[in-house]
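Peer 1: any chance you can model this:
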Amino acid sequence: RVPPRYGAWQPTAVEVPLGAALESEENFEAWTTELFGPFQVVIRYGDADLDRVLEACERMQSHLTAGVVSNDAEFVNRVLGETVNGTTYAGVCARTSGAPQNMSFGPAGDPRAGAIHTIEAIQNVWSCHREVLMDQQPPDGWKLPSAT
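Peer 2: As a prediction, this is how the structure comes out:
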């Protein structure tokens, strides 16, 4: 147990229905606000919802980093092709632990674009590379499920 004086939070996961997250600007801002702590917001969606999810990704402001976890290559390629995030982890696990040696944190994966919402950042977002880290092989001992 962490003493209360240190202000630690218990790990918390909250599930938000996709429709509720998108129904108002206030809701959208609440579930896309970055929190530093052991918080996770989960939004479930199905194939029929993918266009709305991609629209939500486009509406987000910073586009710093993302993860696409799926063993369906067609799905992963569609999401990667229709999003503009910086460093993007994709594949079977989309592992984000053990950050890569050259992780370029910022829009389009370039540290020059770290000053979000400036003219320079906007120019750099559209004029630099994008880091996509793929893992298509499951770890040893894991059985790969069928694509869903």
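
Peer 1: from now on I want contacts and neighbour counts done on CA atoms only, so please keep to that.
Peer 2: Fine.

Peer 1: residue 70 contacts residue 89, correct?
Peer 2: No: with contact defined as Cα atoms under 8 Å, residue 70 does not reach residue 89; the gap is 10.8 Å.

Peer 1: neighbour count winner among the two?
Peer 2: The residue with more neighbours, out of residue 70 and residue 89, is residue 89; 21 against 17, by other Cα atoms under 10 Å.

Peer 1: shouldn't the more buried one be within a strand?
Peer 2: Yes: using DSSP: H, G, I helix; E, B strand; the rest coil, the assignment for residue 89 is a strand.

Peer 1: gap between it and residue 67?
Peer 2: According to Cα to Cα, to the nearest Å, residue 89 and residue 67 sit 5 Å apart.

Peer 1: report the beta-bridge partners for residue 66.
Peer 2: Assessed by DSSP bridges, residue 66 has beta-bridge partners residue 88.

Peer 1: I'd say it and residue 83 touch.
Peer 2: No: the pair residue 66 and residue 83 does not pass the contact test of Cα under 8 Å, sitting 9.3 Å apart.

Peer 1: of the two, which one has the most company?
Peer 2: For the pair residue 66 and residue 83, the greater number of neighbours falls to residue 66 (19 against 15), based on other Cα under 10 Å.
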